[in-house]
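Chemist: Dropping a prediction and its sequence here:
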Amino acid sequence: DDIARCKILAAFAKASHDRGMFVDAAGLYARKVDLLAGSEQVEEVGGAMSNAGDCLRQAGKLAEAMTWYERCKQLGSEHSSARVLCDALVGLAGIAEDQGRIVDAEAL
């Protein structure tokens, strides 16, 4: 069942993250996104997208992280989900800050 698989993926992703295996964790969150694709669980999908972006950002893979945050932002906009949109904007602001673009970070 998809809900059980999602819980297992999330548990493994958290364990990978806690061990500093950020790219592996991002991959597990990406699998969760794929598993939930097309479902009505917009906040769950958006959360997994944002988590994948966060993990990649921690791994220093800013371009890949930005892609996840942009996908999250699009999902939040399409479904009028403030929570998903906020997660995406926080992630994008973090990347701008990491890149020394403080003005852009504050604007987001």
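Modeler: Here it is on my side, so go on. Residues are numbered from 1 along each chain as shown.
Chemist: quick one, what contacts the spatially most central residue of the chain?
Modeler: Most central in the chain under Cα atoms, centre = their mean is Ser50, positioned 1.6 Å from the mean C-alpha point. By Cβ atoms under 8 Å, 6 or more residues apart in numbering, the contact list for Ser50 reads Trp68, Tyr69, Cys72, Val84, Asp87, Ala88, Val90, Gly91. Every residue, glycine included, has its C-beta placed from N, CA and C.
Chemist: For the first one, give me its contacts.
Modeler: Spelled out, that is Trp68. Contacts of Trp68 by Cβ under 8 Å, 6+ apart are Ala26, Met49, Ser50, Ala52, Gly53, Leu56, Gly91.
Chemist: Is it possible to get TSV of these that adds distance to Ile3, secondary structure and pLDDT?
Modeler: Below are those laid out as TSV (distance: Cβ to Cβ, whole Å; DSSP: H, G, I helix; E, B strand; the rest coil; pLDDT from 0 to 100):
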residue	distance to Ile3	secondary structure	pLDDT
Ala26	21	helix	96
Met49	18	helix	96
Ser50	20	helix	96
Ala52	19	helix	97
Gly53	23	helix	97
Leu56	25	helix	97
Gly91	25	helix	95
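Chemist: roughly how far apart are Ile3 and Trp68?
Modeler: Distance, Ile3 to Trp68, using Cβ to Cβ, to the nearest Å: 22 Å.
Chemist: Show me how to select, in PyMOL, the buried members of the contacts of Ser50.
Modeler: Selection of buried members from these for PyMOL, criterion 16 or more other Cβ atoms under 10 Å:
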select buried, resi 68+69+72+84+87+88+90+91
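Chemist: what's the nearest residue to the residue nearest to the centre of the chain if we skip its chain neighbours?
Modeler: Excluding the flanking residues, the one nearest Ser50 by Cβ to Cβ, 6 or more residues apart in numbering is Asp87, at 3.9 Å.
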